[in-house]
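[1] Okay, sequence plus prediction incoming.
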Amino acid sequence: MKSFMTQGAKILSTGSAVPDYSLSNNQISEIVQTSDEWIVTRTGIKERRLLTGVNQSIVDLAVLASIKALDKISMNPSEIDLIILATSTPNDLFGSASQVQSKIGAINAVAFDLTAACSGFVLGIVTASQFLQNGSYRNILVIGADTLSKWIDWSDRSTCILFGDAAGATIIQACSKENNSILNFQLNTDGHYANYLSILYDHKNAFNPFLNLYQGAFRYLSMNGKEVYKFAVSQVPLSILKCINSLNISIHDIDWLLLHQANERILTAVAEKLSINTSKIISNLSKYGNTSAASIPLALDEALQTKKISNNDIIVVSGFGAGLTWGTVIIKWNEF
């Protein structure tokens, strides 16, 4: 990455959006056999937000998060050159980024979807930084947004307790190499374990005998929670260490650990494996659950709003999930 870098990339602004409707653990216990204590003990989740209503979609959340990020720096949407929407739940199978582009008035922006589930935002940040560092674009809007409540079997206790809906956005701008915020990254994929977390297409729903053609629909989300936990706890620390070591910095230089908000036990286990004090973990999943690609930018935006993150702080950001994919980005926070 460094050998081809002609300039840096700096995060200028963040924004986030969550639906109004909150579903508590006690309410879920009326749907499936569980309890608030059972869910909190195993996941750390107390409630989650769900996008309800026929006329609401992921685009609404993505637009709201984007507008908040733009307003914070008084940037005109026409200044955005590229929009990357990291999502696995578009409201159009062909993609939703173009709808966001239209609704926020980013008339000069190219827009595309990036699908990498819970790792999507990390891959979106890395993709954006490449466009900025090689001089292709100047201002890029990266959005992580998912509405997995639409793809959950609400009679399946193993998954319905975990997921919520949200969107988070960042605006990244080209800058001098000296002010670079994206210090390094490390990405991985292992498709051998793709069945651990998936929303599969079922081609057996309908058969057209005239064309000898099967047509179907997507199933509900399926997850092997035990194996996903083992994968995350074993692979994420290795990814972080590889990324840190390549920068010649130590664990002690890390100010914040911002992981995909999947499960409180995963966050704690990764920190302990790295000998990072749990006080350095940024976490908000108790309020929102697992919001997939939205979880990292949502937590980042809230941490900035509460002034938890200070200028020049080193933030280790790691996403992991379906694919299986995982990756790390090291960010040096520069006040915008």
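    Cool, got the structure. Predicted, not measured: the structure shown is a model, and the values here were computed from it.
[2] what residue ranges in this structure score low on pLDDT?
    1-6, 205, 336 (pLDDT under 70).
[3] okay, now the domains of it?
    Domain ranges of the chain: 2-179, 182-192+222-332, per automatic domain parsing.
[4] closest one to residue 216 among the ones you listed?
    Of all the domains of the chain, the one in closest proximity to residue 216, counting by Cβ to Cβ, is domain 2-179 (13.0 Å). C-beta here means a position set from N, CA and C on the backbone, and glycine is covered the same way.
[5] chain center to the closest one: distance?
    Remark: domain 2-179 is offset 6 Å from the chain centroid, using Cα atoms, centre = their mean, to the nearest Å.
[6] What is the helix with the most length in the chain packed up against?
    Scanning the chain for the helix with the most residues, using DSSP state H, yields helix 225-246. In terms of contacts (3 or more Cβ pairs under 8 Å, 6 or more residues apart in numbering; DSSP states H and E), helix 225-246 is packed against strand 182-189, helix 264-273, strand 314-321, strand 325-332.
[7] Please identify which of those is closest to residue 116.
    Here strand 325-332 is closest among those (Cβ to Cβ), at 5.2 Å.
[8] looking at this protein, which residue lies furthest from center?
    Most distant from the centre of the chain: residue 210, at 43.0 Å, with distances by Cα atoms, centre = their mean.
[9] how about that one, phi and psi?
    Backbone torsions of residue 210, given as degrees, to the nearest 10, read phi -70, psi -40.
[10] what does the one 10 residues further on give?
    Residue 220 adopts backbone torsions of phi -80, psi 160, taken as degrees, to the nearest 10.
[11] quick one: secondary structure of the closest residue in space to it that isn't next to it in sequence?
    Excluding its sequence neighbours, the residue lying closest to residue 220 (Cβ to Cβ, 6 or more residues apart in numbering) is residue 153, at 4.0 Å. Put simply, residue 153 is coil when judged by DSSP: H, G, I helix; E, B strand; the rest coil.
[12] switch to numbering from 255
    Right, with 255 as the first residue, what we last looked at is residue 407.
[13] Just want the most central residue of this protein.
    The residue lying closest to the centre of the chain (Cα atoms, centre = their mean) is residue 547, at 2.4 Å.
[14] ok, now which ones touch the nearest residue to residue 585 once chain neighbours are set aside?
    Take residue 585 and drop its neighbours on the chain: the residue closest to it by Cβ to Cβ, 6+ apart is residue 569, 4.5 Å away. For residue 569, the contacting residues are 508, 509, 510, 511, 512, 554, 563, 584, 585, 586, 587, by Cβ atoms under 8 Å, 6 or more residues apart in numbering.
[15] try it again with 6 Å
    Going by Cβ atoms under 6 Å, 6 or more residues apart in numbering, residue 569 touches 510, 512, 585, 587.
[16] any idea how far the closest residue to the first one other than its chain neighbours is from residue 351?
    What that stands for is residue 510. The shortest distance from residue 510 to any non-neighbouring residue, by Cβ to Cβ, 6+ apart, is to residue 569 (4.6 Å). From residue 569 over to residue 351 the distance is 26 Å, taken as Cβ to Cβ, to the nearest Å.
[17] Check residue 554 too.
    Distance from residue 554 to residue 351, counting by Cβ to Cβ: 20 Å.
[18] re earlier: could you redo the contacts of residue 569 as JSON lines and give each row distance to residue 261 and neighbour count?
    Output for the contacts of residue 569, formatted as JSON lines (distance: Cβ to Cβ, whole Å; neighbours: other Cβ atoms under 10 Å):
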{"residue": "510", "distance to residue 261": "25", "neighbour count": "21"}
{"residue": "512", "distance to residue 261": "25", "neighbour count": "24"}
{"residue": "585", "distance to residue 261": "17", "neighbour count": "24"}
{"residue": "587", "distance to residue 261": "19", "neighbour count": "20"}
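[19] now for those residues, which pair is the farthest apart?
    The span of those, defined through Cβ to Cβ, is set by 512 and 587 at 10.7 Å.
[20] what angle separates the longest helix of the chain from strand 579-586?
    Helix 479-500 runs at 40 degrees relative to strand 579-586, counting by axes from the mean of the first three to the mean of the last three Cα atoms, to 10 degrees.
[21] export helix 479-500 as PDB, just CAs?
    Taking C-alpha atoms only, helix 479-500 is exported to PDB below (Å, rounded to 0.1, in the frame of the first residue of the first chain):
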ATOM      1  CA  GLY A 479     -22.800 -19.100  16.400                       C
ATOM      2  CA  LYS A 480     -20.300 -21.300  18.000                       C
ATOM      3  CA  GLU A 481     -18.100 -21.500  15.000                       C
ATOM      4  CA  VAL A 482     -18.400 -17.800  14.200                       C
ATOM      5  CA  TYR A 483     -17.300 -17.100  17.800                       C
ATOM      6  CA  LYS A 484     -14.300 -19.400  17.500                       C
ATOM      7  CA  PHE A 485     -13.300 -17.900  14.200                       C
ATOM      8  CA  ALA A 486     -13.500 -14.300  15.400                       C
ATOM      9  CA  VAL A 487     -11.600 -14.900  18.600                       C
ATOM     10  CA  SER A 488      -8.800 -16.700  16.800                       C
ATOM     11  CA  GLN A 489      -8.400 -14.700  13.600                       C
ATOM     12  CA  VAL A 490      -9.200 -11.100  14.500                       C
ATOM     13  CA  PRO A 491      -6.300 -10.800  17.000                       C
ATOM     14  CA  LEU A 492      -3.900 -12.200  14.400                       C
ATOM     15  CA  SER A 493      -5.100  -9.600  11.900                       C
ATOM     16  CA  ILE A 494      -4.600  -6.800  14.400                       C
ATOM     17  CA  LEU A 495      -1.200  -8.000  15.400                       C
ATOM     18  CA  LYS A 496      -0.100  -8.300  11.700                       C
ATOM     19  CA  CYS A 497      -1.300  -4.700  11.000                       C
ATOM     20  CA  ILE A 498       0.300  -3.300  14.100                       C
ATOM     21  CA  ASN A 499       3.600  -5.000  13.600                       C
ATOM     22  CA  SER A 500       3.900  -3.700  10.000                       C
END
